[in-house]
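A.B. asks: sequence isn't available, so here's the structure alone:
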């Protein structure tokens, strides 16, 4: 998505270790006008899919998931929780997620009653890198018996294995920007 | 707000200990149409305030903050983080928040560069009970030198002290529903 790539080039900051920071418009401060354009693009990509629910993971997926949901008809957003919360009760769908950065695992959790076999689910998240979190969400959808329409991602790190891994599972992945490399302050985007 | 009160009466579940659960439409599954109506109401309440930034706290404040921001002009949303994140760098504004349920304290954090003395900030959150989290956000706005327009809350627990405490600090608090009591499965709303 041209608008997003331009914005990454203009405002993204590359930190030591070739880490891209987009905290001024995506994952700490959020540019809501940009989010609306990205939400429309997810709608265009999944327009024929009769999405009934959007599922994301707290915290930084929630903003784009909620904005995107407005472009689908009567589509609630569920956010999977990373901690046992007093807001969770009843039967839970659980999946274990490995944290790449912390070397630990944690559970992500969704109340079973919000995902049924009649649902057609779009997964939304801000980043796709190792794919651990997204595989946890895919697992939760499978456990629920709902149909999985695919994943919508803002930025995919194409140099990490998550995107390939999830596509090999037969899941449709649509990333608005795919970064193939970051070297010496130069960002290379993948184009079809 | 009539629509919200009706929804709480229809779908809220009261659990032992007079705990109100609204996880089917506010803080686990989110009803985006309702969120849009609530966002319009926050805009109506703060229409004359020239809001430049909305500040909330991860995770469950993000959805309503992002939807509400659409009704203000060019208004980014910042979410304070509860954990030291690799997405945070530069100078941070920190405030300590006591967790009522866990008996612990944690830091909430915002990058200083996103809040300036030129900003006029609206705080948004889903619940106001003891007010600890909201006082942390108020403190962060004060540290930044930005002006505080007020707080917009979905549900205030009027039988806990947070709302009174923050209003006594001279901060405008607008809650879309204030619950004065929950007894024997009966919810009493406060009306002006």
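C.D. replies: Cool, got the structure. Quantities reported herein were computed from a predicted structural model and do not represent experimental measurements. Numbering: from 1, shown residues only, chains lettered A, B, ... in the order given.

A.B. asks: look up the closest residue to residue A:140, ignoring the ones flanking it.
C.D. replies: residue A:93 (4.7 Å; C-beta to C-beta, 6 or more residues apart in numbering or on different chains). For every residue, glycine as well, the C-beta is placed using N, CA and C.

A.B. asks: what about that neighbour, how many residues nearby?
C.D. replies: Residue A:93 has 19 neighbours, counted by other C-beta atoms under 10 Å in any protein chain shown.

A.B. asks: element containing it?
C.D. replies: strand A:92-99 (DSSP states H and E).

A.B. asks: can you give me the mean pLDDT across that strand?
C.D. replies: For strand A:92-99, the mean per-residue pLDDT is 94.

A.B. asks: list the buried ones in whichever helix or strand comes after it?
C.D. replies: Using DSSP H and E, the helix or strand that follows strand A:92-99 in sequence is strand A:104-111. Neighbour counts over strand A:104-111 (16 or more other C-beta atoms under 10 Å in any protein chain shown) mark A:106, A:108, A:109, A:110, A:111 as buried.

A.B. asks: within reach of chain B, which of the residues you listed are there?
C.D. replies: A:110, A:111 (C-beta under 8 Å from any C-beta of the partner chain).

A.B. asks: surely residue A:71 meets residue A:46?
C.D. replies: No. Residue A:71 lies out of contact with residue A:46 (C-beta atoms under 8 Å); the separation is 9.4 Å.

A.B. asks: out of the two, which sits in the more crowded spot?
C.D. replies: Legend: neighbour count by other C-beta under 10 Å for residue A:71 and residue A:46, higher for residue A:46 (22 against 18).

A.B. asks: skip the chain neighbours and tell me the closest residue to the residue sitting nearest the centre point of chain A.
C.D. replies: Centroid-nearest residue in chain A: residue A:125, 1.5 Å away (criterion: C-alpha atoms, centre = their mean). Ranked by C-beta to C-beta, 6+ apart and with sequence neighbours excluded, the top spatial neighbour of residue A:125 is residue A:61, at 4.3 Å.

A.B. asks: from residue A:162, how far out is the one you found?
C.D. replies: Between residue A:61 and residue A:162 the computed distance is 14 Å (C-beta to C-beta, to the nearest Å).

A.B. asks: higher neighbour count, those two?
C.D. replies: Comparing residue A:61 with residue A:162 by other C-beta under 10 Å, the one with more neighbours is residue A:61, at 28 against 23.

A.B. asks: report the strands that pair with the strand holding residue A:93, each with its relative direction.
C.D. replies: strand A:104-111 (antiparallel) (DSSP bridges).
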